[in-house]
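Visitor: Curious how this folds, go ahead:
(one chain, ligands or ions: 2)
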Amino acid sequence: MNVIILGAPGVGKGTQAQLLVDREKFVQLSTGDILRSEQANGTELGLAAKLYMERGELVPDTVILNMVALRMETGKSYLFDGFPRTIAQAEGFETILSGRGMKIDRVISLEVPFDEIVKRLSSRRVALKSGRVYNLMSNPPKVEGICDVSGEPLIHRADDQPEAIQVRLQEYEKKTAPLKQYYERKIGVSIVDANGEVEAVYRRVKATLA
Ligand code: AP5
Ligand code: MG
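Guide: Ligands and ions are numbered 1, 2, ... in the order given. Next comes the predicted model:
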């Protein structure tokens, strides 16, 4: 089963995807995580994406589509987290999928009010290599500043500063939000209330996959 997780920045896409990877047979494909790891490794792709990401703007569609096409293998169950992000990406994605004889089985839209999003992002900490996500308020690591699983230092993402958060939310409204209607027409969208405890949200997400 292949699943797209839609939702605004900070709504909890990565958190829910990680739980599904840990507890079910899914592989997470997060374009944001891939781009951050490319940056950490100083690759050409990472450098090309850096300025867009720091400002909170979307990286060009062709870059993203090539990156995803290179990483997709047949025979796996993918959770697409943060991709597609524009109508052009969704259309290009259809070509990638059909070329591999694959399809999307579910589209989930996680939803919380914007003020909750700003709160979640301001107190988020992430581990770059493991991709694990923490929150100083709702999900702190066992040892301050250290990933529970990989032991690597936790960072405050450059785009989790107030100015970049605002740009990301605007980009989302303008370019990504229309995807909900796009997939509503094509496959149907399961809307999940992402308010409340992480485990409560997980139960709602899991129910949509039955
Ligand atoms: P990306 O990394 O995808 O960022 P995003 O979409 O802005 O989403 P986030 O990762 O910020 O949030 P999330 O929904 O995963 O929330 P999380 O689980 O971390 O993209 C970053 C940038 O890369 C983009 O701006 C763009 O430049 C570029 N990019 C990436 N993909 C692209 C694409 N396809 N096209 C073009 N450009 C692309 O949770 C947030 C916080 O809340 C955490 O601290 C978490 O612990 C906490 N939390 C989660 N759930 C709960 C809960 N239920 N209650 C309380 N706290 C919670
Ligand atoms: Mg994420």
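Visitor: Per-residue pLDDT of the residue lying closest to A8 once chain neighbours are set aside, please?
Guide: Using CB to CB, 6 or more residues apart in numbering and skipping the chain neighbours, the partner closest in space to A8 is Y172 (4.9 Å). Bear in mind the C-beta positions are built from the backbone N, C-alpha and C, glycine included. Here the pLDDT value assigned to Y172 is 97.
Visitor: Likewise for V149?
Guide: On the pLDDT scale, V149 gets 93.
Visitor: wait, what's in contact with it?
Guide: With contact set as CB atoms under 8 Å, 6 or more residues apart in numbering, V149 has these partners: 127, 130, 132.
Visitor: so which strand or helix has it?
Guide: Counting by DSSP states H and E, no helix or strand carries V149.
Visitor: Equivalent analysis for S109, please.
Guide: Assigned by DSSP H and E, S109 falls in strand 106-111.
Visitor: what packs against that strand?
Guide: Under the contact definition 3 or more CB pairs under 8 Å, 6 or more residues apart in numbering; DSSP states H and E, strand 106-111 sits against strand 3-6, strand 190-193, helix 198-208.
Visitor: Excluding chain neighbours, give the residue nearest to V192 in space.
Guide: Take V192 and drop its neighbours on the chain: the residue closest to it by CB to CB, 6+ apart is R204, 4.8 Å away.
Visitor: Tell me how many other residues crowd the one you found.
Guide: Neighbourhood size, R204 [other CB atoms under 10 Å]: 18.
Visitor: And the helices in this structure, which stretches?
Guide: 13-23, 31-40, 44-55, 61-71, 87-99, 114-122, 162-171, 178-186, 198-208 (DSSP state H).
Visitor: Point me to the residue of the protein nearest ligand 1.
Guide: Residue nearest to ligand 1 within the chain (CB to the nearest ligand atom): G32, separated by 1.9 Å.
Visitor: how close does that residue sit to V201?
Guide: To V201, G32 is 19 Å away according to CB to CB, to the nearest Å.
Visitor: Name the residues of the chain found near ligand 1, please.
Guide: 7, 9-15, 31-32, 35, 52-53, 56-59, 64, 82-83, 85, 89, 120-121, 124, 133-135, 138-139, 159, 168, 197-198, 201 (CB under 6 Å from any ligand atom).
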